[in-house]
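> Need a 3D model of the sequence below.
(4 chains)
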2 protein chains.
Amino acid sequence: MQSIATRSPPGSKGQETAKRVRKAALKRFAGAGYAAVSMREIAADVGVRPGALYNHFPTKQDILKDLMLTHMADLLVAWDTAQFPAAMDPLERFVRFHIRYHLERADEVFISYMELRNLEPDNFEIIEAERRRYEAILTSILHEGSAAGRYSVDDPKVATRAIIAMLTGIPTWYREGGHLGEHDVEDLYLTMVRKAVASETRKFQAETG
Amino acid sequence: MQSIATRSPPGSKGQETAKRVRKAALKRFAGAGYAAVSMREIAADVGVRPGALYNHFPTKQDILKDLMLTHMADLLVAWDTAQFPAAMDPLERFVRFHIRYHLERADEVFISYMELRNLEPDNFEIIEAERRRYEAILTSILHEGSAAGRYSVDDPKVATRAIIAMLTGIPTWYREGGHLGEHDVEDLYLTMVRKAVASETRKFQAETG
DNA sequence: CTTGAAAATGAATGAACGTTCATTTATAGA
DNA sequence: TCTATAAATGAACGTTCATTCATTTTCAAG
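Below you'll find the model as predicted:
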């Protein structure tokens, strides 16, 4: 007796081609923009004729939707399951997590920001809701830290947008092998973020473990 | 005897149509993205047939190039000619200038950031050079202020990118008539930027009037 | 009013687009 | 080996695209 979950349908190659389509579309969309990429180009990257793409995705729009929805869902799951030293404060957790995740998934992040306007309204709303959920995490950290006197933030929502914009800009200039390592970047930004929200009477902490 | 400079050629409507083309293309490119906008749409906005556009711009690409080159040149001229109270410190000048300019010209800014990848290499290089010139203004402010002990910035180039990303993100969420006025936003961001680059021993300045 | 050049028209061009579909090929289970 | 189904093919569909061009219209200067 065999488990249903592990049985592959006849004629199937699993989801291998679909994965390759996602990967090729991700690269192309990130590089040239959704509207400038043709199904023919994606098919050529995958090594298949254009028509074959439609065995895996009903339309080009659905490929974009799949990439963006998956990305936002993954982002929130990654935050929920991220492991940090117990002593690390929430703001440091968020900054390090955000930088790491966004450097690891530069293409996904880029697409999810740049191609929002190419999403149909329903899908746009889903993505926006996820984005708001993610921003709410930082807002809550700032709000609670502010209430406890650990930070001084005039407007936690504005500060959230400011910090996230600052951090999300990193992949536009950071390159592996440059004179700054990923850890250096984390430390530099963490210092700036901490100072930006610091209580006015508080000493800044230069060392960042 | 009449001045050559003021004589209009016969049959000409001055540069009126060209201006309308720029304006329509700006709105369309900002709204839907360069690749998703057709010459037919631009022509319809202008109130002219598609072929007429080619009396003013040789190709669609040239419209984009014109918009982006003009924007970057205008930005640098605006900085050079901006008027500020004599007592205002350079960092405050830059922050207020950047926010004002980017809120005033949201469409131009958006295009110059989003459509870089649709520029031909030569034009891309020109735009990038202008962007570097603009960033160098802030880097220099941070560098000199740091040397003078007014700020404490570990890496002026990284801080420049962080600050500019933070400020440039404002037009993505700021809306006129919201609960924050433009001046409120300036003050909030100025406070965060000042704190982010503050010397560690320095008291923050809360009032920004 | 005439002239001449700029601007706009209307029609057309070939190319590229997303997508469809009847048919063939590949493959895993019986 | 046979069967059933997924996957891929190859060709085509109608549409839209940026661009071209001969012709017509517009209009300031003479």
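
> alpha carbons only for contacts and neighbour counts from here, please
OK.

> is the helix or strand where A:Glu41 lies anywhere near DNA strand D?
Assigned by DSSP states H and E, A:Glu41 belongs to helix A:39-46. No - using C-alpha under 7 Å from any atom of the strand, helix A:39-46 stays clear of DNA strand D, with a minimum separation of 7.8 Å.

> Any part of that helix near DNA strand C?
Yes - residues of helix A:39-46 are located near DNA strand C by C-alpha under 7 Å from any atom of the strand, namely A:39-40.

> what comes into contact with that helix?
Identification of contacts with helix A:39-46 by C-alpha atoms under 8 Å, 6 or more residues apart in numbering or on different chains yields A:17, A:20-21, A:24-25, A:28, A:49-50, A:52-53, A:60.

> again with stretch A:163-183
A:95, A:98-100, A:102-103, A:106, A:135, A:189, A:193, B:161-166, B:169.

> Mean confidence (pLDDT) on the helix holding A:Glu41, please.
For helix A:39-46, mean pLDDT is 98.

> And for stretch A:64-81?
Stretch A:64-81 carries an average pLDDT of 97.

> what separates that stretch from the chain centre, distance-wise?
Computed by C-alpha atoms, centre = their mean, to the nearest Å, the chain-centroid distance of stretch A:64-81 equals 7 Å.

> Kindly report the same for stretch A:116-125.
Centroid separation for stretch A:116-125 versus its chain: 17 Å, with C-alpha atoms, centre = their mean.

> And chain B, is it touching that?
Yes - counting by C-alpha under 8 Å from any C-alpha of the partner chain, contacts between stretch A:116-125 and chain B involve A:117-118.

> cool, stretch A:47-67 as well?
No - on the criterion C-alpha under 8 Å from any C-alpha, stretch A:47-67 is out of touch with chain B, staying 13.5 Å away.

> do the same with stretch A:144-160
Yes - where contact is defined by C-alpha under 8 Å from any C-alpha, part of stretch A:144-160 touches chain B, namely A:154-155, A:158-159.

> Which one (most neighbours) among those?
Among these, the one with the most neighbours (other C-alpha atoms under 10 Å in any protein chain shown) is A:Ala159, at 22 neighbours.

> pretty sure that residue contacts A:Ser146?
No - with contact defined as C-alpha atoms under 8 Å, A:Ala159 does not count as touching A:Ser146 (11.6 Å).

> so what sits against both of those two?
Counting by C-alpha under 8 Å, 6+ apart, the shared contacts of A:Ala159 and A:Ser146 are A:Val153.

> Helix, strand, or coil at the residue lying closest to A:Tyr134 once chain neighbours are set aside?
Distance criterion C-alpha to C-alpha, 6 or more residues apart in numbering or on different chains; nearest residue to A:Tyr134, sequence neighbours excluded, is A:Leu76 at 6.7 Å. Assigned with DSSP: H, G, I helix; E, B strand; the rest coil, A:Leu76 falls in the helix class.

> how many neighbours does A:Leu76 have?
Neighbours of A:Leu76 under the rule other C-alpha under 10 Å: 16.

> How much space separates the residue nearest to A:Tyr101 when sequence neighbours are not counted from B:Leu69?
Nearest residue to A:Tyr101, sequence neighbours excluded (C-alpha to C-alpha, 6+ apart): A:Leu75, at 7.8 Å. As for A:Leu75, its distance to B:Leu69 is 36 Å (criterion: C-alpha to C-alpha, to the nearest Å).

> ditto for A:Leu119
As defined by C-alpha to C-alpha, A:Leu119 lies at a distance of 29 Å from B:Leu69.

> likewise A:Val77?
Going from A:Val77 to B:Leu69 by C-alpha to C-alpha gives 42 Å.

> So which of the two has more stuff around it?
Using other C-alpha under 10 Å, the more surrounded residue of A:Val77 and B:Leu69 is B:Leu69, with 17 against 11.

> what comes up buried for the strand or helix carrying that one?
Following DSSP H and E, one finds B:Leu69 within helix B:60-81. Residues of helix B:60-81 classed as buried: B:60, B:63-65, B:67-69, B:71-72, B:75-76, B:79 (neighbour count, 16 or more other C-alpha atoms under 10 Å in any protein chain shown).

> Would you format those as JSON lines with distance to B:Glu125 included?
Output for these, formatted as JSON lines (distance: C-alpha to C-alpha, whole Å):
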{"residue": "B:Lys60", "distance to B:Glu125": "19"}
{"residue": "B:Ile63", "distance to B:Glu125": "17"}
{"residue": "B:Leu64", "distance to B:Glu125": "14"}
{"residue": "B:Lys65", "distance to B:Glu125": "12"}
{"residue": "B:Leu67", "distance to B:Glu125": "15"}
{"residue": "B:Met68", "distance to B:Glu125": "12"}
{"residue": "B:Leu69", "distance to B:Glu125": "11"}
{"residue": "B:His71", "distance to B:Glu125": "15"}
{"residue": "B:Met72", "distance to B:Glu125": "12"}
{"residue": "B:Leu75", "distance to B:Glu125": "17"}
{"residue": "B:Leu76", "distance to B:Glu125": "16"}
{"residue": "B:Trp79", "distance to B:Glu125": "21"}
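
> Closest to DNA strand D out of the residues you listed?
The closest of the buried residues of helix B:60-81 to DNA strand D turns out to be B:Lys60 (C-alpha to the nearest atom of the strand; 3.8 Å).

> Give me the pLDDT value at the closest one.
If you check B:Lys60, the pLDDT there is 98.

> and the residue nearest to it when sequence neighbours are not counted, how many neighbours?
Closest residue in space to B:Lys60, ignoring its immediate chain neighbours: B:Met39 at 7.0 Å, by C-alpha to C-alpha, 6+ apart. Look at B:Met39: counted by other C-alpha under 10 Å, it has 17 neighbours.

> can you check A:Gly51 too?
A:Gly51 has 10 neighbours, counted by other C-alpha under 10 Å.

> Wasn't it part of a strand?
No - under three-state DSSP, A:Gly51 sits outside any strand and is assigned helix.

> quick one: contacts for it?
Under the criterion of C-alpha under 8 Å, 6+ apart, A:Gly51 has no neighbours.

> ok, and what's touching stretch A:138-149?
A:90-91, A:94, A:151-153, A:156-157, A:159-160, A:199.
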